[in-house]
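> sequence first, predicted model second:
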Number of protein chains: 2
Amino acid sequence: MPLYHAPTTDFQFLLKDWLGLDAHYEKLGISDFDSELANEIIAQGAKFALDVVAPLNREGDEEGCTLKDGSITTPKGFADAYQEYIANGWNAMLGTAEYDGQDLPYTMAVPVHEMLNAANLSWRLTTMLTESATLAVTKHASKELKDIYLAKLISGEWTGTMNLTEPHAGTDLSLLSTKAEPQGDGSYKVTGNKIFITAGDHDWSSNVIHLVLARLPDAPKGVKGISLFLVPKFLPDASNEPGEANSLSVGSIEHKMGIKASPTCVMNFDGATGYLVGEENQGLACMFTMMNDARFQVGLQGLGAAEASYQGALTYARERVQSRAPQGIQNPEGKADPIVFQPDVARMLLTQKSLIEGCRALSLFYAKFMDVEKLGEGQEKEDADKILQFLTPICKAFMTDMGLETTSLGVQVFGGHGFIREWGMEQLMRDVRIAMLYEGTNGIQALDLIGRKLTRDGGQMMEATYNAFNALVSDIQDSEAKGLAQGILDDWRASSADCLGMDATTAAAAACDYLAYSAYSLIGVLWYSMADKAQASGNAVLAASKVKTRDFYMERIFVRRDAHKAAYKAGPESTLAISGNEFDYL
Amino acid sequence: MPLYHAPTTDFQFLLKDWLGLDAHYEKLGISDFDSELANEIIAQGAKFALDVVAPLNREGDEEGCTLKDGSITTPKGFADAYQEYIANGWNAMLGTAEYDGQDLPYTMAVPVHEMLNAANLSWRLTTMLTESATLAVTKHASKELKDIYLAKLISGEWTGTMNLTEPHAGTDLSLLSTKAEPQGDGSYKVTGNKIFITAGDHDWSSNVIHLVLARLPDAPKGVKGISLFLVPKFLPDASNEPGEANSLSVGSIEHKMGIKASPTCVMNFDGATGYLVGEENQGLACMFTMMNDARFQVGLQGLGAAEASYQGALTYARERVQSRAPQGIQNPEGKADPIVFQPDVARMLLTQKSLIEGCRALSLFYAKFMDVEKLGEGQEKEDADKILQFLTPICKAFMTDMGLETTSLGVQVFGGHGFIREWGMEQLMRDVRIAMLYEGTNGIQALDLIGRKLTRDGGQMMEATYNAFNALVSDIQDSEAKGLAQGILDDWRASSADCLGMDATTAAAAACDYLAYSAYSLIGVLWYSMADKAQASGNAVLAASKVKTRDFYMERIFVRRDAHKAAYKAGPESTLAISGNEFDYL
């Protein structure tokens, strides 16, 4: 497979020309950051992703992880790449300066994260979860815990995990049974079994810091009785180095469809020493701090894999010579034309491109509001929080569904070769498939969107989101494009408002189609906005490309919107009518 | 993963009640066959698929195939299962009685083939290609060749392969360069390299009969200079047993995303002795005999994998207890309800079910016309040929696209467990992915449909297909349903007629969306027809299920039709506008 190259031109256009990064930073009072620095960080991140991480991807998939004598070995080169990553400060990009982090804006970090995902989903996953765990500790842990753990999590000297799922408690965390007993000295003994724990153990760092959901002895039933605990693999000694081994172990590692280079562990906690993070019985709220962050990051996995697949397919389509193009001979010296000229291949490539660039715009739009939520004030900060809450499930679910669709198209462009492992196209499809499942399945994201984000506050998050997109529409110079974008956005707002009165059953049956309807609508608005701004970018190739790709999106992808709308508006009756042996006549 | 069970109730309903199997056989003059015998064959086929083939599926995926000293070993149990298969006569179902075949109607064999695919795609593939090769030899080989090879291919004592693809000639067979030199004794020396050869070698049988496309020395360029040769692994001796080894060998085997238990070979022919099948330079036409058969059979792979995934997902959804259903408590004794009651899970299951049962109806409708094409006479036979030609690319492409969608939904219903190998859900997705690629990619199927089948004869194949579906509509008792089905069918005919005037470029850009539009339309008609006939079946559960599933299909799946129609009607401009570095700004 051809080596991945960084989509830096698109990043630069989106950040500087489309989002107005310099004005954005100035408004937030961080004018020491600017689009020049962003370009530099993206260029360095691209170099790291390309030179260090991408070359490990294929071999990592073949080699996988091994568990021996309780310890996990990751594929050759993975641990070294991690040491280089943390030595170069990449792990600290988003960490708080109070504990030696760089406090970079999200708008600078998110492009780097997309590229790391494109280069190697398995490798990136451990650092992604460390960042999420770091965020939860930063926001919810006591100063005492922070002083011990936070600098090492931010630097990456120690990595972090999320321990939520148990064999009988996945989507439904109210069923979880891991226990935490107070020891009178401020610590707790944590006992239980957790499954699907990414990087529960590995050979990258001297310690692993587990964030574990568990119940106190007298906790209320259900989700209101869950607390969050920090449980280190090794208890820090007096000099804050890994000391005594904690009472926890890896039970086994999973054999999976993809991300084989990422160790997915069964973790056994056997009276392990842990420390409360946040208030008692508020564990779910604390965990959601990291869950929401992780959900957006999982969306970026979909985007990264999609981009890698697109690049592979495009390179192949330009090189593979097969048949003549119907519109005329393109390669008169050869016996046949490159397949990139075949209309059906172009259709597949443009389906990838229009979805990828639409989702990239969405992810950077989201990152901009993460900056505002972190650094802004007053109404703007409040609005940003609403917008992020609303867009999180859309980013997670749509960008990962899109990840599967586009990586499958990448396989298809390669024909039979796409199915052969050595080309790497099928690995992208296998690796990205997990992203539709973890951090809440895409069905759960859809329920979160329609059942909580849309309806819980009577539509306020939706209205805040509407306003944010409406600001983009207002800025469109071309009046025809502006009118079309406004039409899409207003249709979406009106349809969303119609959903406010739905009962829980109707909403649940509508959820996935409403989410898809929303995503195709909002990305349509982003395409009108991007194509418009591209005209003033000074890059004629990019300007032409954006207009043409917008047209393709509107003519051939956006049309799915109405199918999803019709599907969810049909109501829940036909979904719920069937039962019992009507499913299978047995 | 729960063991596969055969969907016999649905087969019986579709064959007897819906297709009117007894009248169909009587009309064809084969009234010694009837629906009772069909039931018996399906029951025995189900038993074989369940008891013998399905248990090998998971281990086969883990073990894979190995090439050592030029010979391939397939996974444990595979060869024994094959011996049992041929001993029980399954391989001979469709073979001509002239060479000891059973000459069964396709309407009896196709359900068995679906079940074999559901049980084990890898295992079935070798017998599937042997059947296709057998068909090509039956239709095109000389009596001399038939006398040597046909009985052994039909019994399964020897297996068959298709050797088309070369490294630089896949979709575009005009580029193939394998050569065949006449030896003056009626034989030829075949020299060249072929790739992606399924079951090019294995440990199942004493001989492998390769059908190889190659060029004669003075052959015209392009596809008009391709001839078909029969090249045995071992040259039969005087007593027609495998004798001298031919000059051919396995170069390597491929490492693939799925169907790992099926050996995919690089074949080297080094002056191997071969025999002409059919006329000189008519190889492609001969090969298409087996290609069309294989294309329909690949569609059945999509269907089989989909059914297996649906059954797995349904069983899991009934057993997995997680959260309460929004429509009310379903399991008052437990802390949560089975997820089958979650509307979004029901949506996924019904998406599977409505697509699967729609495609099963399509496959048996197709099988009925295969019977007519084989046994009928005059106009009916001619029409059947047209209908089959038209429906072949739809069956191949739509049923395999559907196979990927539904197996991915099966993974999704399992949540994180769907990604773990031991459950088997991810294997179905990996295995079925190849079906969108081989025997002509789905893009090639779509070009075949719109560029050849629809337009080449000015729409006659389409009209014959219209008439066949119209006969179903005419038979619908419920007048509302009849009107709706007629509306769908007439919309499809009119839209198809609109495509007749398209130039080649416009057609190529429209192809995939036109195929999908056609499939969703025609399956909509099948649903109205099935649901109507189910009312008179005497099975109240099935009758209720068919009506409810039809409603779900119409409300939530059929609506995709309009998106595909809008997409292809947009024309080729936006697909072809982009070029050069507008694809990637490099």
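Okay, I see it.

> tell me which stretches of the stretch 251-400 of chain A form helices.
A:283-319, A:343-375, A:378-413 (DSSP state H, counting those that start in this stretch).

> would you single out the least confident of those helices?
Ranked by mean pLDDT, the helices of the stretch 251-400 of chain A bottom out at helix A:283-319, with a mean of 94.

> from the chain's centroid, how far away is that one?
Relative to its parent chain, helix A:283-319 has a centroid offset of 5 Å by CA atoms, centre = their mean, to the nearest Å.

> wait, A:A536 touches A:K16, no?
No: if you go by CB atoms under 8 Å, A:A536 and A:K16 don't touch, sitting 11.2 Å apart. In short, each C-beta sits where N, CA and C put it, glycine included.

> got the helices of the stretch 251-400 of chain A as a markdown table, with mean neighbour count and distance to A:L129 columns?
As requested, the helices of the stretch 251-400 of chain A are exported to a markdown table (neighbours: other CB atoms under 10 Å in any protein chain shown; distance: least, CB to CB, whole Å):
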| stretch | mean neighbour count | distance to A:L129 |
| --- | --- | --- |
| helix A:283-319 | 25 | 7 |
| helix A:343-375 | 24 | 18 |
| helix A:378-413 | 24 | 15 |
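
> tell me which of A:A536 and A:K16 has more neighbours.
It is A:K16, of A:A536 and A:K16, that has more neighbours when counted by other CB atoms under 10 Å in any protein chain shown, with 17 against 11.

> can you tell me, leaving aside adjacent residues, what's nearest to the more buried one?
A:S35 (4.2 Å; CB to CB, 6 or more residues apart in numbering or on different chains).

> and for the one you found, the neighbour number?
20.

> I'd say it and A:L15 touch.
Yes: shown here, A:S35 and A:L15 form a contact pair, counting by CB under 8 Å, at 6.0 Å.

> which residues do those two both contact?
A:L21 (CB atoms under 8 Å, 6 or more residues apart in numbering or on different chains).

> related to what we said a few turns ago, OK, contacts around the residue nearest to A:K16?
By CB under 8 Å, 6+ apart, A:S35 lies in contact with A:Q12, A:L15, A:K16, A:L21, A:D22.

> so who does the fourth one touch?
Listed by CB under 8 Å, 6+ apart, the contact partners of A:L21 are A:L15, A:D34, A:S35, A:A38, A:T107.

> which intervals of chain A have sub-threshold pLDDT?
Low-confidence segments of chain A (pLDDT under 70): A:1-3.

> which parts of it are strands?
With strands called from DSSP state E, chain A shows them at A:66-68, A:71-73, A:159-163, A:179-182, A:188-198, A:208-214, A:227-232, A:234-236, A:242-245, A:248-253, A:264-277.

> for the fifth one, name the packing helices and strands.
Secondary structure elements in contact with strand A:188-198, counted by 3 or more CB pairs under 8 Å, 6 or more residues apart in numbering or on different chains; DSSP states H and E, are helix A:121-140, strand A:159-163, strand A:179-182, strand A:208-214, strand A:227-232, strand A:264-277.

> and the ones you listed: which comes nearest chain B?
Shortest distance between chain B and the helices and strands packed on strand A:188-198, using CB to the nearest CB, is found for strand A:264-277: 8.4 Å.

> wait, doesn't A:Y316 sit right on A:V413?
Yes: with contact defined as CB under 8 Å, A:Y316 counts as touching A:V413 (6.2 Å).

> thinking again about what came up before, can I get the strands of chain A in CSV including mean neighbour count?
As requested, the strands of chain A are exported to CSV (neighbours: other CB atoms under 10 Å in any protein chain shown):
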stretch, mean neighbour count
strand A:66-68, 12
strand A:71-73, 16
strand A:159-163, 28
strand A:179-182, 19
strand A:188-198, 23
strand A:208-214, 27
strand A:227-232, 26
strand A:234-236, 16
strand A:242-245, 14
strand A:248-253, 18
strand A:264-277, 22
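
> let's have the ones you listed in TSV, adding distance to B:G186.
Formatted as TSV, the strands of chain A follow (distance: least, CB to CB, whole Å):
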stretch	distance to B:G186
strand A:66-68	58
strand A:71-73	61
strand A:159-163	71
strand A:179-182	82
strand A:188-198	64
strand A:208-214	73
strand A:227-232	79
strand A:234-236	79
strand A:242-245	78
strand A:248-253	61
strand A:264-277	61
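
> I'd guessed A:R493 sits against A:Y466; true?
Yes: look at A:R493 against A:Y466 with CB under 8 Å: they come within range, at 4.9 Å.

> near chain B, which residues of the stretch 251-400 of chain A?
A:254-258, A:311, A:314, A:321-323, A:326-327, A:335-336, A:339-340, A:342-350, A:353 (CB under 8 Å from any CB of the partner chain).

> and with 7 Å instead?
For the stretch 251-400 of chain A, the residues in contact with chain B (CB under 7 Å from any CB of the partner chain) are A:254-257, A:314, A:322-323, A:326-327, A:335-336, A:342-344, A:346-347, A:349-350, A:353.
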